[in-house]
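K.L.:
Take a look and give me a structure for this.
(chains A, B and C)
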Amino acid sequence: MTTEHVRRTPAPPEGTYLGMPKFATNAKVQLGDNQLRKNLRNATGTIRAKRVARVAEVPEWEELRLAGEAIKNRTLRHLDAYLVQLEESLTRAGAKVHWARDAAEANAIVVSLVKAKGVDEVVKVKSMATQEIELNEALEEAGIAAWETDLAELIVQLGHDRPSHILVPAIHRNRSEVREIFLREMKLYGTPAPDNLTDDPTVLAAAARTHLREKFLRAKVAVSGANFAVAETGTLVVVESEGNGRMCLTLPETLISVVGIEKVVPTLADLEVFMRLLPRSSTGERMNPYTSMWTGATPGDGPQDVHVVLIDNGRTRVLADPEGRPALRCIPCSACLNICPVYERVGGHAYGSVYPGPIGAVLTPQLRGTSSEIDKSLPFASTLCGACFEVCPVRIPIPDMLVHLRHQVADKKRHHPGVEQTAIAAAGWVLADRSHFELAQRAAALAGRLLPGRSHLGPLPWPASPWTDARDLPVPPSESFRAWWQRTRGETA
Amino acid sequence: MRAEGLTVALFATCINDVMFPGTPKAVVTVLERLGCRVEFPLEQTCCGQMFTNTGYFDAAVPDVRNYVKAFSGYDYIVGPSGSCVGAVRHQHPMLAAHAGDEALAAEVDKVVARTYDFTELLVDVLGVTDVGAYFPHRVTYHPTCHSVRVAKVGDRPYQLLSKVKGIDLVPLPDADQCCGFGGTFSVKNPDVSVAMGADKAHHVLETGAEYLVTGDNACLMHIGGLMHRQRAGVRTIHLAELLAHTEGGAR
Amino acid sequence: MNARDEILNRVRSALADVVQPDPTLDVAVGWTYGRATAMPDVLERFVEMTLDYKALVRRVPATEVPDAVADLLVAAGVGSAVLPAGLDATWRAAIVAAGIAVHEDEPQLSRRELNAIDAVVTASAVSIAETGTIVLDHAPDQGRRALTLVPDTHLVVVRADQVVSDVPEAVGRLAAVVAEGNPLTWISGPSATSDIELTRVEGVHGPRTLLVVLAD
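P.N.:
Below you'll find the predicted structure:
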């Protein structure tokens, strides 16, 4: 490199997701951040209560969930046909369809489309797919500035940060942190924040409006994702709140939508199910403030140069496992994150992926495989409490899928047995047969007798320390139930 | 359903058998008090959940076979654990399929249909909510996740507790939140597990209860272990043991 | 192999377990589409839910719409408004008579010109009582999408016969216009965000003031 690259947009944090340590290690760091835990507890508590109230208004909620599950299953099980139909519909409506096998291919397509327009910036509406492929950095490397326009994404981008939630990417930040970020960074990248900026969310939102308005008024190219893509009509749907989506989808000359292949739904009528499930599950509203639906290019209205990039990037690998396939039903609503007691304590960054929380714990290891430390630890980042399944609007059986993925991880370790495998093998032997179990019981009872007068054990060295560092351990009683039964009742057939 | 003469096979669960024998003893006490005949098939070991949930399906399959062997001769099988009963119902069919053993799968289906959580056997099979218990203490109940979301015991524990003489049952704030035990989660992710357990313990203390009661001793061991370390002074008790208490003290 | 064919091939081989070629026979969807949601009074529910979003709603007899439009604009302090070409002539006359500077979108106004205009006045296509949602299908009485986006105040007129109970009926009514290629904009209250501490704030990028006239 002869010339140093001068960045156009705020640099994200150093390091990659894949280079992160295992979940438990990340979680410990996040748990130490009291401000973060307070922010998360307040935010998830608020949104849980809203969701419960809005869902309770719909008597046929369970029927809707079953319909959402069935429609998505139908789509996924015949995805090839629906993708071909979507492509035909889009093409007929004047959109150009591109296909990308992986992130690099998708990024190359978007970069070349933007370059062909001869511009050096794009405005973006929040999209999980473009985060997943790290499009912003690919554009930056090509000398193109990608401006995030969703308020939370703007906070994350200006904060040199990573999103920590699917729906509210800056959920880990409170109002005073947001104020500091806006005061420090806005002036470096466009219209500055007013000097008298307070930490009132209304004032902060107004500052974002002013900062981004100039970018909206001049942008020639926008990049979006899509919540749904209707095969029958070629209609794309973006569900949002602030109007930044409408700005991006309406004002520029060129619109590039990066859409995961699982986003297709068969018919327009199917939207009646998802447009009832999504807002109530997601923001806990009867309906989100704005939904845009567009079908290719509309003469005289909005972008006339319309592109759709359909991406695989690991999705066909998920599809190939019938037990993992339900993860593709996800209509990113984030209800599973908001309800998850683990997510509530550690936040999204510990999951090492743009998809955090319970859905991330099942989706990420499938999309990326389980070779890295973080990816193979994700299926274990859950107590299997089951709250996520209860709130999922498309009934993704996340706890069962976590167990399925744990099996895959354990299976891979078979050839490299370690402490865990040895312990499992020993416990497996003990519990596989009554006679082994009774032998082990006598040993446990002996241990109990060696500690006369003690009901609990305090801190112990490894391997007991993960338990006893904070929790006392009860001492096994000197007589097991089985021994008592045999002593008092005699053997039963 | 008349309890008189009903034969019930007790699935003690491995952790209760070794660590908390008072719980299966209490099940025997309550069921015999109600006129049931209780048997304890000695072939039983464990539901295998610890292996299944850690990903070691092969290690869990022998436990499924043991369960079938121990209990296939009984019409009513009862376990004092929402989690272990839930694992039998929800995971044993999957494990039989994993083993590729159709005969086992057929046996599992039969045994699973006859397996009840203690509270289900009392309320649904025996039709009893007042089991004659007396427990003059301030008590709060934590509905463990697997009892609610896998075994689906619903409000049966509350029905039973509300009929206990002398009890002062106080609601637990955020009762529906997981305590953070999670089986091997408690040692694979100890920091998160303890953080969740500390919040649960905090809510228990808020109630001013003398006793925390649940239907799962594993969760109780976790929350109780934290409270014991903190010298919190709240005692823990399994629902079956609470229901075994009668006026006059004899269990 | 090109990316398209390779992805489709990957999908097909991933679905080797699917044997029934007809999607509707393969997976049953136990749902009856297009049903109404029962409610005592559709129009009252619509007003109630729209107010819940902190939009301003005025319900008037059809004959009084022009006056209501002009009154609301004046009360909101609107000095200029862009009007779509197909807007009702009587509304237009009332707006002009109220002394508001009227802009046409013919030829199309630039973004910056639109940004300098206070308000936009439009009709609408369908409204949803249960969710307080107003749907624009961008027919000539509503104009292209940018008109109802850039100005900071949007006054929209909803006819009573355009209000349906819930989302399924609305999607049914909109199917034809989507098939013709029209875009749709679903609006539920003024622009809003809950991105800071999940505290709802009305007014971000879209119109911060939403004025609704319901014409009985």
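K.L.:
contacting residues for residue 73?
P.N.:
Chain wasn't specified; assuming chain A. By CB atoms under 8 Å, 6 or more residues apart in numbering or on different chains, the residues touching residue A:73 are A:326, A:329, C:27. (Each C-beta comes from the backbone N, C-alpha and C, glycine too.)
K.L.:
Hmm, no, I was thinking of chain C.
P.N.:
Counting by CB under 8 Å, 6+ apart, residue C:73 makes contact with C:81, C:95, C:98, C:100, C:119, C:121, C:153, C:155, C:211.
K.L.:
Recalculate using a threshold of 10 Å.
P.N.:
For residue C:73, the contacting residues are C:79-81, C:94-95, C:98-100, C:118-119, C:121, C:153, C:155, C:211, by CB atoms under 10 Å, 6 or more residues apart in numbering or on different chains.
K.L.:
So in the chain, where's the weakest helix or strand by average pLDDT?
P.N.:
No chain was given, so I picked chain A. For chain A, the helix or strand with the lowest mean confidence is helix A:434-449, at a mean of 85 (criterion: mean pLDDT, DSSP states H and E).
K.L.:
right idea, wrong chain: chain C
P.N.:
For chain C, counting by mean pLDDT, DSSP H and E, that's strand C:201-202 with a mean of 88.
K.L.:
is the next helix or strand after that strand anywhere near chain A?
P.N.:
Where DSSP states H and E defines the elements, the next helix or strand beyond strand C:201-202 is strand C:209-215. Yes. Legend: contact between strand C:209-215 and chain A by CB under 10 Å from any CB of the partner chain is shown at residue C:210.
K.L.:
Give the pairing partners of strand C:209-215; include direction for each.
P.N.:
strand C:56-60 (parallel), strand C:153-159 (parallel) (DSSP bridges).
K.L.:
list the contacts for the one residue in the stretch 251-400 of chain A that gets nearest to chain B?
P.N.:
Here the stretch 251-400 of chain A gets closest to chain B at one residue, residue A:383, 2.9 Å apart by CB to the nearest CB. Residues counted as contacts of residue A:383 (CB under 10 Å, 6+ apart) are A:340-342, A:399, B:53, B:145-146, B:178-186, B:189, B:192-193, B:196, B:219.
K.L.:
That one: what secondary structure?
P.N.:
The three-state assignment at residue A:383 reads coil, by DSSP: H, G, I helix; E, B strand; the rest coil.
K.L.:
those strands in the stretch 1-150 of chain A, which residues are they?
P.N.:
Ranges of strands in the stretch 1-150 of chain A, per DSSP state E, counting those that start in this stretch, are A:95-100, A:121-124, A:145-148.
K.L.:
what's the closest of the ones you listed to chain C?
P.N.:
Of all the strands of the stretch 1-150 of chain A, strand A:95-100 comes closest under CB to the nearest CB, at 4.1 Å.
K.L.:
So for stretch B:123-138, first residue to last residue, what's the gap.
P.N.:
Stretch B:123-138 has an end-to-end distance of 23 Å (criterion: CA to CA, to the nearest Å).
K.L.:
can you check stretch A:246-265 too?
P.N.:
22 Å.
K.L.:
Go through that stretch and flag the buried ones.
P.N.:
A:246-252, A:254-265 (16 or more other CB atoms under 10 Å in any protein chain shown).
K.L.:
hmm, that stretch in reach of chain C?
P.N.:
Yes. Stretch A:246-265 lies within reach of chain C by CB under 10 Å from any CB, at A:246, A:247, A:248, A:249, A:250, A:251, A:252, A:261.
K.L.:
Among those residues, which pair sits farthest apart?
P.N.:
Taking CB to CB, the two most distant members of the residues of stretch A:246-265 next to chain C are A:251 and A:261; they sit 27.9 Å apart.
K.L.:
got a list of what residue A:223 touches?
P.N.:
By CB under 10 Å, 6+ apart, the contact list for residue A:223 reads A:110, A:113-114, A:122-125, A:127, A:130, A:135-136, A:139, A:146-147, A:248, A:252, A:254-258, A:307, A:309.
K.L.:
thinking again about what came up before, each with direction, which strands does the next helix or strand after the least confident helix or strand of chain A pair with?
P.N.:
Per DSSP H and E, the first helix or strand lying C-terminal to helix A:434-449 is strand A:456-457. Sheet pairing for strand A:456-457, assigned by DSSP bridges, gives strand A:473-474 (antiparallel).
K.L.:
what sits up against the partner strand?
P.N.:
Strand A:473-474 has contacts (CB under 10 Å, 6+ apart) with A:448, A:454-460, A:464, A:467, B:19-20, B:217, B:220-221, B:224-225, B:228-229, B:236.
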